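J.: Next come a sequence and a model predicted from it.
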Amino acid sequence: MKVILNYLFLLGLFFILPIQTAAQQCRTSEIRKNNIGKNPLIIDEIKRINTFTDAWIKENTLLSSTRSIVTLPIVIHVIWKNSAQNISDAQILTQIEVLNDDFRKKNSNFSDTPSGFRPIAADVEIEFCLASFDPSGNPTTGITRTQTQVNGIGNSELFYKTSSGGINAWDISKYINIWVCDLGDDGLLGFATPPGTAEPANSDGLVIGYQFFGTIGTAANSFPNDLGRTVTHEMGHYLNLEHLWGPDQGGCDEDDFVSDTPLQDWESEECPNFPFFDDCSFSGIGINFNNYMDYTDDECMTMFTMGQKLRMHAALNGPRASLLNSNACSLSSSSADYIMEASTSILKTFPNPAKDFLNIEILENILIDKNIITIIDINGKTIISEKMQQKMKIDVSKLNPGIYFLGINNKALHKVIILE
Ligand SMILES: [Zn+2]
């Protein structure tokens, strides 16, 4: 932290300064201001969370930089008016992969990180998975689809209400809700609610324009926002990161509460050459324009810092801690593993994703000749049924791409299969 900030002073700005009306790539700060206007108690909550965060970071900074990896459950709510907005399961999965790569420092463009910033780049050690169980405990793909009659629903307060053409959040203490919908045409990519700032509380989550979600389908022609980093950025906000220039109007007396990000005046654009200087950081390595919490092009963004990692883990030890106790993501998850293990580990399936054939190996000594392997679609309908063998090769070439459950005797094991 380059500048000691007075949080109260800063929060006071929310009332003094007029609400920005100009289009922004990210509307997180503006939504927070609006929510404080609706419920001033949010100011106390932000102050409480920031006090906790500072104390937690102080206690944990000296610990090993390696923390245990946590997996957070996501539900994607696709709200669509025309079919183009009803993005595919495959497109959604590319976004989960981007999130996991970016948060684990496995992003393919990490090699573009300027040498000056590499020492502070973090493996955040947070992963994400599509929820395997819905709030009622039933198996789910972690994706809901809602047709609406509302134009630009993400640009209104209707998206989080089933009664208004949107869809209600799933339990916000157990799921990260991401609404993917139309945000209009004024350049808005998305927004999120930092901890404690949603108003009403059940609007908590991320809202992302359908053109900026994942890397294929509707995202393919969205350069420079075509690599899924809008969601990486908004997930940073959801886990209590600020923009590099701070939570409000920027300037050199406003910071992002992170110790290792250079002080930055205002947002960056496109992809500057390293080192890039501004009025606040005018020597050395300059500003961290390649950070996910700046506004540079998706292909220019490569990293979170160690300080940002600590702040996000503070959120998971404080205001977002309930996500760690969620059973919604009981399946193990890794960035490249789209076939997610259920509580049982009796099966091994490959490849991921499967295209023409899905190989299955039975790992445990069960009554193989008495059982049937089934592939079940997301409506619960059995599509393929074959007698179980120790090693199987199932022809899936005629199935439509999407998510399926693998089951034994028509009982879904919550395995999710993607067929390209
Ligand atoms: Zn933002």
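T.: Cool, got the structure.
J.: show me where the chain has strands.
T.: For the chain, the strands defined by DSSP state E cover 70-80, 126-130, 143-147, 176-181, 190-192, 206-209, 347-350, 357-362, 372-376, 382-387, 391-395, 402-408, 411-419.
J.: Would you mind saying which of those lies nearest the ion?
T.: strand 190-192 (7.2 Å; CB to the ion). Heads up, the C-betas are built off the backbone N, CA and C, glycines and all.
J.: Close to the ion: what parts of this structure are there?
T.: Taking CB under 5 Å from the ion as the contact definition, the chain meets the ion at 26, 28.
J.: Can you redo the strands of the chain as CSV, where the extra columns are mean pLDDT and mean neighbour count?
T.: Output for the strands of the chain, formatted as CSV (pLDDT from 0 to 100; neighbours: other CB atoms under 10 Å):
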stretch, mean pLDDT, mean neighbour count
strand 70-80, 96, 23
strand 126-130, 92, 23
strand 143-147, 97, 17
strand 176-181, 98, 27
strand 190-192, 98, 26
strand 206-209, 98, 26
strand 347-350, 77, 16
strand 357-362, 84, 18
strand 372-376, 79, 20
strand 382-387, 84, 14
strand 391-395, 89, 14
strand 402-408, 76, 21
strand 411-419, 62, 20
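J.: I'd like these laid out as JSON lines, including distance to Ser322.
T.: Shown next, in JSON lines, are those (distance: least, CB to CB, whole Å):
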{"stretch": "strand 70-80", "distance to Ser322": "11"}
{"stretch": "strand 126-130", "distance to Ser322": "15"}
{"stretch": "strand 143-147", "distance to Ser322": "21"}
{"stretch": "strand 176-181", "distance to Ser322": "11"}
{"stretch": "strand 190-192", "distance to Ser322": "17"}
{"stretch": "strand 206-209", "distance to Ser322": "17"}
{"stretch": "strand 347-350", "distance to Ser322": "31"}
{"stretch": "strand 357-362", "distance to Ser322": "36"}
{"stretch": "strand 372-376", "distance to Ser322": "31"}
{"stretch": "strand 382-387", "distance to Ser322": "36"}
{"stretch": "strand 391-395", "distance to Ser322": "39"}
{"stretch": "strand 402-408", "distance to Ser322": "26"}
{"stretch": "strand 411-419", "distance to Ser322": "22"}
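J.: which one of these lies closest to Asn317?
T.: strand 70-80 (10.2 Å; CB to CB).
J.: got the CA positions of that closest one in CSV?
T.: The C-alpha trace of strand 70-80 is given here as CSV (Å, rounded to 0.1, in the frame of the first residue of the first chain):
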residue,chain,number,x,y,z
VAL,A,70,-10.0,-24.1,-2.6
THR,A,71,-12.7,-24.7,-5.1
LEU,A,72,-15.7,-22.4,-5.3
PRO,A,73,-19.0,-23.4,-6.7
ILE,A,74,-20.5,-21.4,-9.5
VAL,A,75,-24.0,-21.3,-11.0
ILE,A,76,-24.4,-19.7,-14.4
HIS,A,77,-27.8,-18.2,-15.1
VAL,A,78,-28.2,-17.6,-18.8
ILE,A,79,-31.0,-15.2,-19.5
TRP,A,80,-31.8,-14.8,-23.2
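J.: Going by contacts, tell me the helices and strands next to that strand.
T.: When contacts are defined as 3 or more CB pairs under 8 Å, 6 or more residues apart in numbering; DSSP states H and E, strand 70-80 packs onto helix 89-103, strand 126-130, strand 143-147, strand 176-181.
J.: could you give the angle of the second one to strand 70-80?
T.: Same thing as strand 126-130. 40 degrees (axes from the mean of the first three to the mean of the last three CA atoms, to 10 degrees).
J.: Asn155 contacts Gly184, correct?
T.: Yes - using CB atoms under 8 Å, Asn155 is in contact with Gly184, at 4.5 Å.
J.: Tell me which of those two has more neighbours.
T.: Per other CB atoms under 10 Å, whichever of Asn155 and Gly184 has more neighbours is Asn155, with 19 against 14.
J.: if I look at the more buried one, how far off is Ile36?
T.: Distance from Asn155 to Ile36, counting by CB to CB, to the nearest Å: 20 Å.
J.: do Pro224 as well
T.: Distance, Pro224 to Ile36, by CB to CB: 31 Å.
J.: So the two - more neighbours on which side?
T.: Set side by side, Pro224 and Ile36 show more neighbours around Ile36, with 19 against 14, by other CB under 10 Å.
J.: Alright, I will stop here.
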